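In: Okay, here's the prediction I keep looking at, along with the sequence it came from:
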Amino acid sequence: MARSPSFAGVILAAGTSSRMGSDKALLPWQDGTFLSTTIRALLAATELVTVVVGDNAPGLSPVIYANGASLVRNPHPEQGQFSSLRVGLTEVLNYGRDAAIVTLVDRPAPLPQTIALLRNEFLTSSDEIWAVVPEFNERHGHPIVIRREMIEAFLRADAAGNARDVEHANQSHIRYVPVSDPNVTVNVNTPEDFQKLYSGLYV
């Protein structure tokens with residue numbers, strides 16, 4: 001099957017940010033927030049970006065619409081991140097797209113060259129490769145670039161499962177790409193994490 005040159009971006013942002021004490025999507029970063037800078041980064045490489053939200057929809061929707069993205073609401077965000085992934089990927093198929101670039105909102109936006117590298121690796125890989133995943137310091141991260149076969153694998157999986165189980169079951173179809181961008185593996189969960197990141201101490 002020929003690669004589709006048309007991608008949809010998906011940002012998972014439905015979490016409660018309970019350990020942070022405020023919505024991580026709205027943490028200040030560069031000239032905006034984690035959410036706005038990530039939307040802009042994905043829009044530079046895709047035709048559309050969808051943000052998966054939960055009960056935080058009222059607080060995030062102005063940022064989402066102001067930056068040219070759309071939103072879809074996870075009706076059961078309490079079921080966790082895998083449920084949001086499935087909601088977002090269903091939206092990708094509803095838009096008629098066969099490929100998606102998926103990332104999380106709890107970290108700085110990936111560098112433009114990182115997205116470009118992953119996208120190019122995806123486009124030039126054989127049809128046996130269903131997903132391209134960045135790797136920094138031997139740790140896997142986001143964004144991931146996936147084609148229809150992996151999208152359908154996520155959607156067919158047990159809703160009570162998780163993305164890691166699906167990835168392990170399809171290991172032979174995943175290509176890991178070393179990158180020089182530490183943002184792909186950063187997780188900001190607490191005010192202390194954010195302070196370390198802002199101070200340039202996050203490793």
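Out: Everything's here; your move.
In: Which residue is the nearest non-sequential neighbour of T38?
Out: With C-beta to C-beta, 6 or more residues apart in numbering as the criterion, T38 has its nearest non-adjacent residue at 4.2 Å, and that residue is A109. Using the backbone N, CA and C atoms, a C-beta is placed for each residue, glycine as well.
In: Going by residue numbers, what spans are helices in the protein?
Out: All helices of the chain, identified by DSSP state H, fall at 34-43, 57-66, 81-94, 112-124, 148-156, 163-169, 191-198.
In: still on that earlier bit, the residue nearest to T38: how many residues sit nearby?
Out: 26 (other C-beta atoms under 10 Å).
In: and the helices of the chain as TSV, adding mean neighbour count and distance to V132?
Out: Listed next are those as TSV, based on neighbours: other C-beta atoms under 10 Å; distance: least, C-beta to C-beta, whole Å:
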stretch	mean neighbour count	distance to V132
helix 34-43	23	15
helix 57-66	15	26
helix 81-94	21	16
helix 112-124	17	4
helix 148-156	18	10
helix 163-169	14	12
helix 191-198	15	25
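In: quick one, which of those is nearest to G141?
Out: Evaluated over these, closeness to G141 peaks at helix 112-124, with 9.6 Å, by C-beta to C-beta.
In: So which residue is dead centre in the protein?
Out: Relative to the mean C-alpha position of the chain, the nearest C-alpha, by C-alpha atoms, centre = their mean, is the one of T103, at 1.0 Å.
In: From L155, how far out is the nearest residue to H142 once chain neighbours are set aside?
Out: Nearest in space to H142, with sequence neighbours left out and distances taken as C-beta to C-beta, 6+ apart, is T103 at 4.4 Å. Relative to L155, T103 is positioned 18 Å away (C-beta to C-beta, to the nearest Å).
In: Look up the residues forming beta bridges with the residue nearest to H142.
Out: I11 (DSSP bridges).
In: again with V49
Out: G9.
In: do you know how far it is from T33?
Out: Taking C-beta to C-beta, one finds V49 at 15 Å from T33.
In: more neighbours, these two?
Out: V49 (26 against 21).
In: hang on, that one packs against G9?
Out: Yes - using C-beta atoms under 8 Å, V49 is in contact with G9, at 3.8 Å.
In: shared neighbours of the two, which are they?
Out: I39, L42, L43, A69 (C-beta atoms under 8 Å, 6 or more residues apart in numbering).
In: tell me the mean pLDDT over stretch 84-99?
Out: For stretch 84-99, mean pLDDT is 96.
In: Oh, that last question was meant for stretch 61-76, not what I typed.
Out: 97.
In: Can you check what pLDDT the model gives the nearest residue to N56 once chain neighbours are set aside?
Out: Sequence neighbours aside, D23 is the residue nearest to N56 in space, at 5.5 Å (criterion: C-beta to C-beta, 6+ apart). You'll see D23 listed with a pLDDT of 92.
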